[in-house]
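**Q** pasting the structure only:
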């Protein structure tokens, strides 16, 4: 099976612009989570989508948003970019086994966003 | 989710076993222990998980103490490619975490020739 794919892999933007990142989960995985990784804050949870609905959200401002499509692919958007938004943005997919079984997230390679 | 404590760094000689400890003293009965690793600037890679029994797969072994308050990840024959940050995470099962994994600072494992 193909793994989680993220596009683009690298992105350079300037302050005030907006950006959209894309994530394609592993085939059959219905849940997609997004994380931000910075040297100062480490890996932090942004939000999770399942069945096109945001079910969970981390402590990030409203400039960070996302959506999920019917084929489980997901996008996240950051508006009005700030220098501090420079980070590695990671997407993870999860099959959601159900029945009390553990859910294992599988991560993509990430998108490196640089804000100038 | 329960919080985990890991040593910030460890060294290991190539070919030897690497034993990475993790403390999760506030773990509750329905929480699993997961291990991931992250090689420089790549996405975290799933290694192994367990509830209360010891687990082994092609990558590593996971030893969980009987009281479940701590665990050890064992890489039986470390190679230079095992140099990475290793994260121990505690997570509820059954989808109740709603996609959220809480990462700590992890342990930087350096494997020396």
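**A** Perfect, I can see it now. If you're wondering where the values come from, they're calculated on a predicted model, not measured in any experiment. Numbers count the residues shown, from 1 in each chain, chains lettered A, B, ... in the order given.

**Q** for the spatially closest residue to residue B:15 that is not a sequence neighbour, give me its contacts.
**A** Once flanking residues are discounted, residue B:15 sits nearest to residue B:77: 5.8 Å by C-beta to C-beta, 6 or more residues apart in numbering or on different chains. Quick note: C-beta positions are derived from backbone N, CA and C, even for glycine. Contact partners of residue B:77, counting by C-beta atoms under 8 Å, 6 or more residues apart in numbering or on different chains, are B:15-17.

**Q** please report the distance of residue B:77 from residue B:105.
**A** Between residue B:77 and residue B:105 the computed distance is 26 Å (C-beta to C-beta, to the nearest Å).

**Q** next one: residue B:70
**A** 17 Å.

**Q** how about the strands of the chain, start to end?
**A** Reading this off chain A. Taking DSSP state E as the test, the strands found in chain A are A:5-7, A:10-13, A:19-24, A:31-38, A:42-50, A:53-57, A:64-68, A:74-78, A:87-94, A:105-107, A:111-115.

**Q** can you look at chain B instead?
**A** B:9-13, B:18-23, B:31-38, B:45-50, B:55-56, B:61-64, B:70-75, B:84-92, B:107-112.

**Q** is chain A contacted by the fifth one?
**A** No: counting by C-beta under 8 Å from any C-beta of the partner chain, no contacts exist between strand B:55-56 and chain A, the nearest distance being 11.1 Å.

**Q** tell me the strands beside that strand, with direction?
**A** strand B:61-64 (antiparallel) (DSSP bridges).

**Q** the longest one now?
**A** Note on strand B:84-92: by DSSP bridges, its sheet partners are strand B:31-38 (antiparallel), strand B:107-112 (antiparallel).

**Q** which one of the ones you listed is the most hemmed in?
**A** strand B:31-38 (a mean of 23; mean count of other C-beta atoms under 10 Å in any protein chain shown).

**Q** got the angle between that strand and strand A:31-38?
**A** 50 degrees (axes from the mean of the first three to the mean of the last three C-alpha atoms, to 10 degrees).
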